[in-house]
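Asker: Next input, structure requested:
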Amino acid sequence: MTAGVTFDERMGGFLAPCEQAPTAAGDYRAGESRGKQVGGSCHFEATMLMEDIAAYVRDPQHRARMTGSFHWGPIGVTEMRDGEFQLYVRNPDTGIREMRYRFAFTGPDGDPLTFTGVKWMKPKARVNTWAPSTTLYSRIDRADGTTAWCGVLTIGLKETLNLFRSLRPVGASDRREGRRAVRAFNNFFVREQIALLREG
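Answerer: Numbering: from 1, shown residues only. Take a look at the predicted model:
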């Protein structure tokens, strides 16, 4: 039997209408600022699933399934569809490792929309990986690929602790295999953190 791991994550922030696709952190921050002014708060509650942790670690894209709900003023609460989470993926254009979040959902007018978020994992002063790992630069795109909203979501210390506490095995035949799966994920996470510091 193949063993994997799963964990829960909650992130929240602010979005606002954007006339064009954001290309830099400042563009996302501007959307966040406008969102605070117009009451554009939102959050998601997601579960990440790596069904086969050994295959997940080997895969350079580190793809995991992402399910959950998106809470946002214009729509209330909606379920995520076709969600995907990628951890520590190197962007070939920038060379920077990223955490990527993506899911589809139904918009306020019934139109299909896609939420895309990225954490740019570039340590500050070579030692600080906290800020990059808690800041999700986010946008919502229409079906034609144009960006409709943008902003920033974050995860606080309490939510981060809850995330690590929620890490648990899935699909294990016994407790020993479950512990091995969790240990394999933790080892992968620590290796990537060390690599980040060396690259910073």
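Asker: The residue most central in space within the chain in helix, strand or coil?
Answerer: For the chain, the residue nearest the mean C-alpha position is residue 101 (3.9 Å; C-alpha atoms, centre = their mean). Put simply, residue 101 is strand when judged by DSSP: H, G, I helix; E, B strand; the rest coil.
Asker: quick one: it and residue 80 touch, right?
Answerer: No: here residue 101 does not reach residue 80: they are 9.8 Å apart, not a contact under C-beta atoms under 8 Å. Where you see a C-beta, it was placed from the backbone N, CA and C, and this is true even at glycine.
Asker: Now for those two: what residues contact both?
Answerer: Common contact partners of residue 101 and residue 80 (C-beta atoms under 8 Å, 6 or more residues apart in numbering): 46, 66, 115.
Asker: CSV please, covering the residues you listed and showing distance to residue 33 and pLDDT.
Answerer: Output for the shared contacts of residue 101 and residue 80, formatted as CSV (distance: C-beta to C-beta, whole Å; pLDDT from 0 to 100):
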residue, distance to residue 33, pLDDT
46, 25, 98
66, 27, 98
115, 19, 98
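Asker: Return the subset of those residues lying in strands.
Answerer: Judged by DSSP state E, those include 46, 66, 115 as members of strands.
Asker: Check the offset of the biggest strand by length in the chain from the chain's centre.
Answerer: Secondary structure of the chain per DSSP E: the longest strand is strand 4-17. With C-alpha atoms, centre = their mean, to the nearest Å as the basis, strand 4-17 stands 6 Å off its chain's centre.
Asker: tell me which residues in that strand are buried?
Answerer: Neighbour counts over strand 4-17 (16 or more other C-beta atoms under 10 Å) mark 4-16 as buried.
Asker: Direction included, what does it pair against?
Answerer: Strand pairing for strand 4-17, using DSSP bridges, gives strand 41-50 (antiparallel), strand 147-154 (antiparallel), strand 168-170 (antiparallel).
Asker: can you list contacts of the last one?
Answerer: Counting contacts by C-beta under 8 Å, 6+ apart, the residues outside strand 168-170 that touch it are 3, 4, 5, 6, 7, 49, 51, 177, 178, 179, 181, 182.
Asker: try 7 Å
Answerer: Identification of contacts with strand 168-170 by C-beta atoms under 7 Å, 6 or more residues apart in numbering yields 3, 4, 5, 6, 49, 51, 178, 181, 182.
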